[in-house]
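>>> quick one: sequence plus predicted model below, questions after.
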Amino acid sequence: GLTLIGVRTRKAVEGVNSSGGTFAQYLKGVQLSVNPSSKLSLKAIYASAYDDQDSISNYASYLKPKKSEVLSLLSEAKLGKSSTINLESAFGRYDSDKTDDNIKEVKDNAYQIEFSSKLGKLNYSLGYRFIGKDFVSLANPYLVSDRKGVELKADSPLKKGITLKTTLSRFKDNVEGDIVPTTTTDYNSLALNLLPPKFPLLNLSYSRTAQKSNELIPSVDNSSDSKALGLLPSFGKTDVSLNYQNTKFEDKTGISSNTKTDYYNLGIRREVSSSIFILGNYGETKLKDLRVNQETKSENLTLESELRFLKNKAGSFITRYYGADNSGSQVQNEEKTLSFRFNYNLSPIETRTFYKTLSLEYRMSRYTDEIDNLNDYKENKFLALFSTNFSGLALKQLKFWDLRKPGPQKVSIKERLPRIYLTSPVDGQYVNTETIDVNGTAFDEGKIVKVLVQDREIKRPPEKSYAFAQVITLNEGENVIRVSAENSAGKSYTESLKVTLDTRGPDIKILYPAEEKVKESKIDLQGSVSDMSQISRITVNDIPLEITPSKEVNFSKEISLSFRENKIFVEAEDILGNKNREIVKVFREEEVVEAPVPEVEIPEMEEVRRGVPGKPIVIIDGKELKTDVAPMIINRRTMIPLEETIFDPSEVKYKVLKEKDGLKAIISGEADGKEFKIVLFTGTTRAVINNKEEYLDVKPFSIGKYMMVPLRRIYEEIGYKVNWDSEKHLVVAEK
């Protein structure tokens with residue numbers, strides 16, 4: 001494949017600044033990628049930059065070349081199933097003088113090699129890098145030159161949701177040592193990332209880096225600690241991201257300031273319709289210099305709208321930036337940007353067979369310095385990107401240069417192979433129907449005389465543009481579809497793609513509980529779901545779980561159990577609509593505990609009525625509970641009516657609401673210094689207790705205007721101890 005890049009930037013500076021005017025910057029380049037085999041990938045990149053303002057964007061102030069070029073050769077080779085070798089060699093040159101009359105050309109190179117592999121769950125890589133003293137990179141203007149060194153990286157999951165990453169390196173600076181002595185520096189970093197399984201929307205991370213040179217008086221000796229917290233909640237069609245990061249930097253050499261940085265970020269993405277999206281992002285950074293106790297604050301606001309139509313899309317966004325220090329006298333500026341982007345997927349018809357994508361962007365910026373207006377400027381930028389694909393050429397191994405005779409290698413039309421464009425299906429597609437339509441067109445400068453789909457010939461008169469359609473039958477799993485075309489010169493070409501047939505529902509495995517019998521009132525149901533396509537939805541007892549769609553998903557859900565048998569329904573669905581259901585049966589055993597009746601002051605025995613089976617007497621804080629509807633026992637649970645007499649109105653408030661499906665009770669108050677809220681519904685064991693969904697042992701129901709609710713569950717929640725006297729059929733509750 002071949003990618004062409006072209007950028008032209010115009011900058012207009014307004015005001016009394018003597019360097020004002022209009023300047024142009026240009027960037028052009030080409031990237032060529034070749035895959036001779038499935039295990040080898042080659043890539044070549046050439047780019048050049050020209051700036052008539054003598055200041056190519058983003059370079060450090062001490063290096064402002066007028067012209068700059070870089071050529072990079074990259075290769076990637078796969079060794080076995082999990083090992084890879086990456087090699088990159090780059091050559092760069094630039095004009096170091098600012099005038100055309102006295103141009104001084106500087107050249108240098110750089111290269112790096114990296115070996116990466118996997119050992120069990122451990123991923124690791126070992127690399128070596130050398131950057132010449134005068135090497136300049138257009139892609140990375142902050143690359144440290146005159147350096148060489150080795151680096152070891154490793155990462156591994158420690159436990160479920162916990163990942164550890166580490167980096168160790170040793171590098172030498174000022175390698176030539178002609179002006180500044182060569183120094184050796186040791187660098188190490190450690191990063192810990194935590195994704196709690198029970199809180200899939202929460203992300204916690206900690207990282208520490210340190211580096212120190214080996215000199216008697218180190219020129220480099222610093223460390224950095226960073227802690228980050230992220231939340232990713234969703235509300236319908238609105239996705240929200242909340243992030244906070246705290247970083248402390250300490251430099252023991254005294255060269256740099258010791259700083260503390262706090263970063264806050266809020267992002268919102270709203271789907272207005274299937275083709276219109278609105279995005280917003282606000283960030284705030286507070287940087288405090290601990291040596292001089294001075295704080296700098298900056299804000300960034302981005303608003304973006306995106307309009308998608310058919311397979312193409314266009315969008316626009318506005319960015320606002322503002323920065324100021326604590327006194328407002330040193331830094332106070334503002335930058336506003338308005339940008340329009342347009343992406344278009346070009347149809348590869350005859351005249352544009354090789355073109356894939358056209359991308360255009362126009363950006364307008366205005367910078368205002370409220371302290372010194374000499375720095376004010378306006379900037380207009382235009383970017384155009386074309387992507388082309390030469391995979392249909394008649395070259396088994398792509399060569400653009402013949403070493404035996406200099407000059408570009410020419411390809412005769414007679415040597416060309418037919419070209420095939422498939423409109424459906426798409427390579428890598430997943431389907432759940434056993435038959436599929438294969439549609440496309442074959443092209444040739446001569447004529448296409450034959451087209452075969454899965455070795456079945458489609459017969460029709462020869463043509464330059466040969467459209468075809470064929471229905472084929474798929475097997476369960478991965479299928480390779482091959483389409484071949486032959487031209488009038490007898491040359492043939494085959495295009496292949498992979499389509500996976502998935503008609504089976506996801507595979508559900510329950511990891512816990514392993515035993516059918518438990519004694520706990522609550523269990524943490526744990527399991528995993530896998531599918532050859534992608535899992536889109538998991539429900540437990542018809543309640544959707546928050547998941548990230550993938551081919552394998554681990555889940556966890558807290559379940560409240562009633563006595564005896566409980567049935568838990570786990571259902572999973574993949575992106576194709578295939579479903580599977582697993583029923584988990586858990587038997588909760590009752591624990592027989594002979595609990596003594598608490599010593600409470602109750603009326604004289606001759607005044608206390610003994611309860612009878614099914615109709616107990618309820619004693620609350622030493623007083624018999626009097627209600628319009630007598631308490632009753634249902635499924636071994638005492639049910640009482642919600643009346644004013646059952647609670648102390650100064651501590652507990654309640655209300656009963658009528659809904660379409662029955663009654664709804666809301667009970668709230670404060671117990672043991674903590675607020676509580678209980679929401680119950682008639683006809684279901686589902687309840688919401690302190691904003692958490694739980695399940696009761698028995699369903700609330702209604703008798704006349706009263707709602708009958710389980711006594712023990714409510715009174716224990718509001719700070720009471722509840723005991724049962726089986727001889728007298730008494731329920732005794734006390735604080």
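Yep, it's here. Residues are numbered from 1 along each chain as shown.

>>> tell me how this protein divides into domains.
If you go by automatic domain parsing, the domain ranges for the chain are 146-219, 418-501, 507-588, 605-734.

>>> need the ones you listed in JSON lines (columns: mean pLDDT).
Shown next, in JSON lines, are the domains of the chain (pLDDT from 0 to 100):
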{"stretch": "domain 146-219", "mean pLDDT": "82"}
{"stretch": "domain 418-501", "mean pLDDT": "86"}
{"stretch": "domain 507-588", "mean pLDDT": "87"}
{"stretch": "domain 605-734", "mean pLDDT": "83"}
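
>>> between the ones you listed, which gets nearest to Phe135?
When the domains of the chain are compared by Cβ to Cβ, domain 146-219 sits nearest Phe135, at 8.4 Å. (Each C-beta comes from the backbone N, C-alpha and C, glycine too.)

>>> gap between the two ends of the closest one?
Domain 146-219 has an end-to-end distance of 16 Å (criterion: Cα to Cα, to the nearest Å).

>>> what's the spacing between it and its chain's center?
23 Å (Cα atoms, centre = their mean, to the nearest Å).

>>> for the protein, which segments count as helices?
711-717 (DSSP state H).

>>> need the domains of the chain in JSON lines (columns: mean neighbour count and distance to Leu231).
Formatted as JSON lines, those follow (neighbours: other Cβ atoms under 10 Å; distance: least, Cβ to Cβ, whole Å):
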{"stretch": "domain 146-219", "mean neighbour count": "15", "distance to Leu231": "6"}
{"stretch": "domain 418-501", "mean neighbour count": "16", "distance to Leu231": "32"}
{"stretch": "domain 507-588", "mean neighbour count": "16", "distance to Leu231": "12"}
{"stretch": "domain 605-734", "mean neighbour count": "16", "distance to Leu231": "16"}
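
>>> so what's Leu168 closest to, chain neighbours aside?
Leu152 (4.8 Å; Cβ to Cβ, 6 or more residues apart in numbering).

>>> so that neighbour is in contact with Leu126, correct?
Yes - between Leu152 and Leu126 a contact is recorded at 5.4 Å, counting by Cβ atoms under 8 Å.

>>> now the domains of the chain in a markdown table, with distance to Glu88?
Formatted as a markdown table, those follow (distance: least, Cβ to Cβ, whole Å):
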| stretch | distance to Glu88 |
| --- | --- |
| domain 146-219 | 14 |
| domain 418-501 | 28 |
| domain 507-588 | 31 |
| domain 605-734 | 53 |
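
>>> figure out which of those domains is closest to Tyr46.
When the domains of the chain are compared by Cβ to Cβ, domain 146-219 sits nearest Tyr46, at 24.0 Å.

>>> what number of residues lie near Val70?
Number of residues near Val70 (other Cβ atoms under 10 Å) recorded here: 22.

>>> from Asp437, how far off is the nearest residue to it once chain neighbours are set aside?
The shortest distance from Val70 to any non-neighbouring residue, by Cβ to Cβ, 6+ apart, is to Gly92 (4.3 Å). To Asp437, Gly92 is 51 Å away according to Cβ to Cβ, to the nearest Å.

>>> who touches stretch 701-709?
Outside stretch 701-709, the residues that touch it by Cβ atoms under 8 Å, 6 or more residues apart in numbering are 628-629, 632, 634, 639-643, 656, 662-663, 665, 680, 682-683, 700.

>>> chain center to it: distance?
48 Å.

>>> how long is that stretch end to end?
7 Å.

>>> surely Pro549 touches Ile575?
Yes - using Cβ under 8 Å, Pro549 is in contact with Ile575, at 7.1 Å.

>>> now the common contact residues for the two.
Common neighbours of Pro549 and Ile575 (Cβ under 8 Å, 6+ apart) are Gln534, Ile535, Ser536.

>>> need these in a markdown table (columns: distance to Leu242).
Converted to a markdown table, the shared contacts of Pro549 and Ile575 look like this (distance: Cβ to Cβ, whole Å):
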| residue | distance to Leu242 |
| --- | --- |
| Gln534 | 27 |
| Ile535 | 26 |
| Ser536 | 25 |
